[in-house]
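Asks: Have a look; sequence and predicted model below, questions after that.
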Amino acid sequence: MKSLKNKQNSEIRDSFNKAAPYLNIGYTLIGSIILFGFLGHLADEKTGMAPVFSLAGLFFGLGLGFYNMYRVIKNMEQR
């Protein structure tokens, strides 16, 4: 009975270890968009150029998030 539980726990742990990089992609994508969008908003307030830096920050965060997604998927394919 105990060995069956250990085997199930081991299988669950292995599944999470394999899925962890993919689960992280969403958080990284959203986080980079929010972070750079906020920094752009702060730059807009400081300079008075309303949507310019906010949009630039949002697009930069989006590009950075997609680059990270590409990098993670490429690394996982090489394993």
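Replies: Looks like it arrived, so ask away.
Asks: all contacts plus neighbour counts: C-alpha atoms, from now on.
Replies: OK.
Asks: and the longest helix for the chain?
Replies: helix 2-47 (DSSP state H).
Asks: same question for it, mean pLDDT?
Replies: Here helix 2-47 scores 87 as its mean pLDDT.
Asks: next structured bit after it?
Replies: Going down the chain from helix 2-47, the next helix or strand is helix 50-78, by DSSP states H and E.
Asks: Also compute the angle for that following helix relative to helix 2-47, please.
Replies: Between helix 50-78 and helix 2-47, the angle comes out at 150 degrees (axes from the mean of the first three to the mean of the last three CA atoms, to 10 degrees).
Asks: So which elements touch helix 50-78?
Replies: helix 2-47 (3 or more CA pairs under 8 Å, 6 or more residues apart in numbering; DSSP states H and E).
Asks: How far does stretch 60-71 sit from its chain's centre?
Replies: Mean-position distance between stretch 60-71 and its chain equals 8 Å (CA atoms, centre = their mean, to the nearest Å).
Asks: and for that stretch, what are the contacting residues?
Replies: Identification of contacts with stretch 60-71 by CA atoms under 8 Å, 6 or more residues apart in numbering yields 25, 28-30, 32-37.
Asks: how about it: buried residues?
Replies: 60-62, 64-66, 68-69 (16 or more other CA atoms under 10 Å).
Asks: is it possible to export these to JSON lines including distance to residue 54 and pLDDT?
Replies: As requested, the buried residues of stretch 60-71 are arranged in JSON lines below (distance: CA to CA, whole Å; pLDDT from 0 to 100):
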{"residue": "60", "distance to residue 54": "10", "pLDDT": "97"}
{"residue": "61", "distance to residue 54": "10", "pLDDT": "96"}
{"residue": "62", "distance to residue 54": "12", "pLDDT": "96"}
{"residue": "64", "distance to residue 54": "15", "pLDDT": "95"}
{"residue": "65", "distance to residue 54": "16", "pLDDT": "93"}
{"residue": "66", "distance to residue 54": "18", "pLDDT": "95"}
{"residue": "68", "distance to residue 54": "21", "pLDDT": "91"}
{"residue": "69", "distance to residue 54": "22", "pLDDT": "90"}
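Asks: Lovely, talk soon.
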